[in-house]
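*Asks:* Have a look at this prediction, sequence included:
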Amino acid sequence: MGSKFENFIELLGNIEEFPSWSENFKQVHIQKTSYLDKKNPNIKEFLRTSVKPEILHTKIIKTSKGSSQENQILTGLNLIVEGKMIQNLEYIPKDTLKSIHVTQLAIPFSTCIVLGKAFDYYSKLKVTPYIEDIYVRRIMERKIFQSILLTIDVTELS
């Protein structure tokens, strides 16, 4: 897992390099505005954020064959992927500079990946999520904007 700093916020969870061997993948951009729970103090500034993707469910479905308007070859098999991002936000509260607070947010996602010609309906698959980019910004004292770029890679198990 990589780490980088952006505007003095440490971002943890980014991959340093995406595997070059991937043939079946999809990039998913997840944006969400969240609010702090009432039990948490107001945000003065963020220190660090980390994101861990979790794949909850996958299912192969049969679809149309052909080509899309974007010239993508549609093989007749798609993989539905459902998951969530677990994001930890570490911040300095507005009312005190003596403590650091951490809150955890869950961001659900769902996407559909067109599988290549080598796959069949009964394939055993390995689904691997990679975090490419994380962006977090305090909009107001209790309001947060999150943006995460996720790549989901699919490989067939032998």
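*Replies:* In hand now; what should we look at? Numbers count the residues shown, from 1 in each chain.
*Asks:* what bits of the protein have low per-residue confidence?
*Replies:* Residues of the chain meeting the criterion pLDDT under 70: 1-21, 97.
*Asks:* Let me see the ranges of the strands in it.
*Replies:* Counting by DSSP state E, the chain has strands at residues 2-6, 9-14, 25-35, 43-67, 73-93, 101-114, 125-138, 143-156.
*Asks:* Could you take those and lay them out as a markdown table, with extra columns for mean neighbour count?
*Replies:* Placement of C-beta: from N, CA and C, glycine included. Listed next are those as a markdown table, based on neighbours: other C-beta atoms under 10 Å:
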| stretch | mean neighbour count |
| --- | --- |
| strand 2-6 | 11 |
| strand 9-14 | 19 |
| strand 25-35 | 14 |
| strand 43-67 | 15 |
| strand 73-93 | 18 |
| strand 101-114 | 15 |
| strand 125-138 | 17 |
| strand 143-156 | 18 |
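*Asks:* Identify the bridge partners of the closest residue to residue 102 other than its chain neighbours.
*Replies:* Distances taken as C-beta to C-beta, 6 or more residues apart in numbering place residue 90 nearest to residue 102, at 5.0 Å, with adjacent residues excluded. Note on residue 90: beta-bridge partners by DSSP bridges are residue 48, residue 102.
*Asks:* does residue 90 really touch residue 99, like I thought?
*Replies:* No. If you go by C-beta atoms under 8 Å, residue 90 and residue 99 don't touch, sitting 11.1 Å apart.
*Asks:* pretty sure residue 61 contacts residue 81?
*Replies:* No. The criterion here is C-beta under 8 Å, and residue 61 misses it with residue 81 at 11.3 Å.
*Asks:* With only the CA atoms kept, save stretch 64-82 in PDB.
*Replies:* Below are the C-alpha coordinates for stretch 64-82, written out as PDB (Å, rounded to 0.1, in the frame of the first residue of the first chain):
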ATOM      1  CA  SER A  64     -26.100  -9.700 -25.000                       C
ATOM      2  CA  LYS A  65     -23.300 -10.400 -27.400                       C
ATOM      3  CA  GLY A  66     -22.100  -7.800 -29.900                       C
ATOM      4  CA  SER A  67     -20.300  -4.500 -29.600                       C
ATOM      5  CA  SER A  68     -21.300  -1.300 -27.800                       C
ATOM      6  CA  GLN A  69     -21.500   2.200 -29.200                       C
ATOM      7  CA  GLU A  70     -18.000   2.700 -27.700                       C
ATOM      8  CA  ASN A  71     -16.800  -0.300 -29.800                       C
ATOM      9  CA  GLN A  72     -16.300  -2.500 -26.700                       C
ATOM     10  CA  ILE A  73     -16.700  -6.200 -27.500                       C
ATOM     11  CA  LEU A  74     -19.700  -7.600 -25.500                       C
ATOM     12  CA  THR A  75     -19.000 -11.300 -24.900                       C
ATOM     13  CA  GLY A  76     -22.300 -12.200 -23.400                       C
ATOM     14  CA  LEU A  77     -20.900 -12.500 -19.800                       C
ATOM     15  CA  ASN A  78     -20.800  -9.700 -17.300                       C
ATOM     16  CA  LEU A  79     -19.600  -9.800 -13.700                       C
ATOM     17  CA  ILE A  80     -21.600  -7.900 -11.100                       C
ATOM     18  CA  VAL A  81     -19.400  -6.700  -8.300                       C
ATOM     19  CA  GLU A  82     -20.800  -5.200  -5.000                       C
END
